[in-house]
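K.L.:
Prediction below, plus the sequence it came from.
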Amino acid sequence: MQTTLPAPTVESAPAMTRPITLTVNGTPYQLNLAPWTTLLDALREYANLTGTKKGCDHGQCGACTVLVNGKRINACLTLAVMHDDHEITTIEGLATDGALHPVQKAFIDHDAFQCGYCTPGQICSAVGMINEGQVRTVADVRELMSGNLCRCGAYPHIVDAICEVMQLDASK
Amino acid sequence: MSQYIGEPITRVDGHEKVTGQAKYAAEFNVPDLTYGVVVSSTITKGRITLLDTSKALAVNGVIEVFTHENRPRTAWFDISYKDQDSPPGSPFRPLYDNKIKYNGQPVALVVAETFELARFAAMLVHVEYEAEPCDTDLMKHLDTVRNPEPGLMNLMKPLPPKPRGDADKAFAEAPVQQSAQYIHGMQHHNPMEMFASTVEYGKNGFLTIYDKTQGVTNSLLYVTQAFNIPFNQVRVVSPYVGGAFGSGLRPQYQLFLAVMAARELKRSVRVSLTRQQMWSFGHRPATVQNVCLGTQADGTITAIIHEAKAATSQFEDYTEEVVNWTGKLYPTPNGALRYKLKSLDIYTPLDMRAPGGVTGLSAVECAVDELAYKLGMDPLEFRLKNYTERDWTEKDRPFSSKELRACFRQGAERFGWSGRNPEPRSMRKDHNLIGWGMATGIWDAAQVPARAEATLTVNGKLRVRSATADIGTGTYTIMTQIAADTLGMPIDDVVFRLGDTTMPAAPIEGGSWTASTVGSAVKSACDTLAKTLFRMAKRIPKSPFVGVGFDDVLFINGEIRLKRNPSARVSLLEVVNLNGGRAITETGTSIPNLVAHMKYSRNAHAAAFVEVQVDEDFGTVKVTRAISAVAAGRIINPRTARSQIIGGMVWGISHALQEESVMDHRYGRFMNHDLAEYHIPVCADIHEMDVVFVEENDTVVNPLGVKGVGEIGLVAMPAAIANAIFHATGKRIYELPIQLDKVM
Ligand code: FES
Ligand code: FES
């Protein structure tokens, strides 16, 4: 038995675009977007901010993690039009005046990546996790970072990097 | 001088990667870009009877829908579709005709002004099929397997050697016997970056292609041949690759489709695959192995029979080296290694990290463990008893170097192996059983030809280029180190560039051969440049080098110095300045020393030690501690090499416990084709990991003495985990992945 979804029709294409303003890393981006555009595609394809990655487009990998009002979310699971008046921070906005964010620096020092494709998501997720204030132990770090897949298997170094920033003993 | 080689330099591309500046194939937002979305077949075998694109075309913003009915003509012969990693057979051609050969085959490409429109219109393409029954289950065909068709590929991946002695008889007569069957299913690479090609349509139809690939030269050759375009009309660029693990060794169909659409529409086109479509091309093949080992009462092996049966597609004979490793690791007077194939209605398998090696070792290293138990021997002691310095699969050649013994010793020491009680179920923590296991790893130390170019720029910096790839392996960093050392330059004055077909050609990045292959080419280019610079330095007015030979000078700190009188020196900047302010460039080619290579087997070795915790109530397994001791020749960068090994170990955990592409054989369709259902380790699955690099000096493999570290961290892990699970539970599990139902 196969279930059939209602078939899409030509008419169901909401082709009309509308102007919206996305505030990303403190900069307003005036974009004309169709309402069905995800925040992830808005960033990558329309605002040319390709630092945020697409690894699944289905909320299953965390590569698209960005901070919206300081909270980490999957940019592929939300529509751009829903973020008209929000502060969005992407990987491009973490460094201030050319100085890397401590998490970025720790990632380099600990070699917490290989191909680098999951890395912007990991870093934004780590920053978001630190903001959440739930971490007590290294086991918490592992658990709370488990929404971000890394196929290169950089997890031990990711955990080391985050522990350094949070001043946690990584061996516990 | 090695100031940088061997040092844990941080990744030179690290800053770009942590700031989001590193650009991957789908991130080159060229002007006036259009987007292609692929429609995939929903049947496995049969033909398309109707393909109605009218509704899709009616959507405002849709430009064209390509199908087999309207596609442009491309090359006639199979040879034009072959690439550097093609197995024998007839390569798959996207949108070629109405025949369906596997499930998920691309049947149409919808191109629209925006990605959203293309994705939507793709749902409106109406396809009808006439389906035929399909055959996808290897387990149903174990009796009808056949010999693979040999091909060029077998130079790198040899088919099994001739048998030696009479293995069947020796096994039957052996006082101690071990025989079992080992099974694992299909797996997909699933790099985090999905496959994509951005094709920029330029002036006079010039194509600049940003491709996800493990070799830009490979993509270039494929495109120019399949579409019959002159070389000078195409450039392929790929500075960053978001992981590949073998999946980028062959050009994938998005490249073909994007190029086709760009040429037809005379527009720039990007085609990205979806995560689901990442299951619609190569995979690690399902394999069934039988391993029979016979020994004397003292544990000396007298018979080895290792037979593997694997699945391939109906159109190509993909093979991998599964069984030969057994012969390379264990000496025996009687050995029979066999490798057979069955063609099924699936896509052609594709090298996936440690292809064949992880498959074969996951079987034989479990067999060895079980056999050691039968003999009442410690598994490590058994391996030392059957240690070999010669490779009977290669005419009994010695190894160019083999520090496996040191791997065993140092790994065991670090792990605390000597404190192990061999008794299964002898360790507990709370309600968990604890087990310790180990296994041996082996991989090739390969080298192939490559080219590189070194330039001393007008401001005295060194720029080195080669059309190789960095799929996360650290190529950028280690090549910078090699170049800096060869020319005695401060590392900050050296830039290495890769991934562009305007650079000197390099082969696909795979098989752990890039450090040796491209590293040797970089060294050769820099060596040649050094000689040129020295010749020029001799000609400058009042040169201190008059009458001095090349061997009398040193390149150090951006200067050429006389060895016996370091104050006699000329800076490299002076040399360029006297070259009329023009940069100085030399190229280098590295070719493996085949004469030396023929005399030796060249391999990296490893030993993995693992601790698992098994929850008996739930059957869950946690790898709480893992150590890999690795002998891989010279380690150029211990920091990036450690990441490679740890990444391999994580893959080992995944292979042993988690990943499998499960197919519903009634339909020939993968059931778990997304990252929620296809399990790979997450952060919480990975605990304590450590790597020991054992010192190994090899003067045969290549001028740098490196062996490569891409796969050696993976190969031993699954068997070590399975053996640890036995030690914990007393239960042998012969089918991977070992998920909870099998443990309970
Ligand atoms: S791309 Fe958003 S979670 Fe994977
Ligand atoms: S660094 Fe490659 S996926 Fe994480």
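P.N.:
Yep, it's here. Ligands and ions are numbered 1, 2, ... in the order given.
K.L.:
now the residue in the stretch 601-744 of chain B positioned nearest to ligand 1: how far from chain A?
P.N.:
Nearest residue of the stretch 601-744 of chain B to ligand 1: B:Leu675, at 7.2 Å (Cβ to the nearest ligand atom). Quick note: C-beta positions are derived from backbone N, CA and C, even for glycine. The gap separating B:Leu675 from chain A is 4 Å, by Cβ to the nearest Cβ, to the nearest Å.
K.L.:
so which helix or strand takes in that residue?
P.N.:
For B:Leu675, there is no host helix or strand (DSSP states H and E).
K.L.:
Check B:Val614 too.
P.N.:
With DSSP H and E as the criterion, B:Val614 is inside strand B:603-615.
K.L.:
Does that strand reach chain A?
P.N.:
No. Strand B:603-615 is not in contact with chain A by Cβ under 8 Å from any Cβ of the partner chain; minimum separation 13.7 Å.
K.L.:
so what secondary structure elements neighbour that strand?
P.N.:
Counting contacts by 3 or more Cβ pairs under 8 Å, 6 or more residues apart in numbering or on different chains; DSSP states H and E, strand B:603-615 packs against helix B:404-415, strand B:432-444, strand B:620-631, helix B:712-715, helix B:717-729.
K.L.:
Over in chain A, which residue gets nearest chain B? Let me know.
P.N.:
A:Gly51 (2.0 Å; Cβ to the nearest Cβ).
K.L.:
Surely that residue touches B:Lys17?
P.N.:
No. The criterion here is Cβ atoms under 8 Å, and A:Gly51 misses it with B:Lys17 at 9.7 Å.
K.L.:
For burial, what's the neighbour tally of B:Pro230?
P.N.:
7 (other Cβ atoms under 10 Å in any protein chain shown).
K.L.:
ok, and the nearest residue to it once chain neighbours are set aside, which helix or strand is that part of?
P.N.:
Counting by Cβ to Cβ, 6 or more residues apart in numbering or on different chains, B:Pro230 lies nearest to B:Thr224, which is 7.0 Å off, once chain neighbours are set aside. Taking DSSP H and E as the definition, B:Thr224 sits inside helix B:216-226.
K.L.:
phi, psi of the nearest residue in space to B:Thr620 that is not next to it in sequence?
P.N.:
Nearest residue to B:Thr620 in three dimensions, chain neighbours excluded: B:Leu740, at 5.5 Å (Cβ to Cβ, 6+ apart). For B:Leu740, the backbone dihedrals (degrees, to the nearest 10) come out as phi -60, psi -30.
K.L.:
and B:Leu740, how many neighbours does it have?
P.N.:
13.
K.L.:
Which residue is the nearest non-sequential neighbour of the residue of the stretch 1-150 of chain B found nearest ligand 1?
P.N.:
Nearest residue of the stretch 1-150 of chain B to ligand 1: B:Ala26, at 12.1 Å (Cβ to the nearest ligand atom). The shortest distance from B:Ala26 to any non-neighbouring residue, by Cβ to Cβ, 6+ apart, is to B:Ala196 (3.7 Å).
K.L.:
residue boundaries of the strands in the stretch 51-200 of chain B?
P.N.:
According to DSSP state E, counting those that start in this stretch, the stretch 51-200 of chain B carries its strands in the segments B:62-67, B:99-100, B:106-112, B:126-131, B:176-184, B:196-201.
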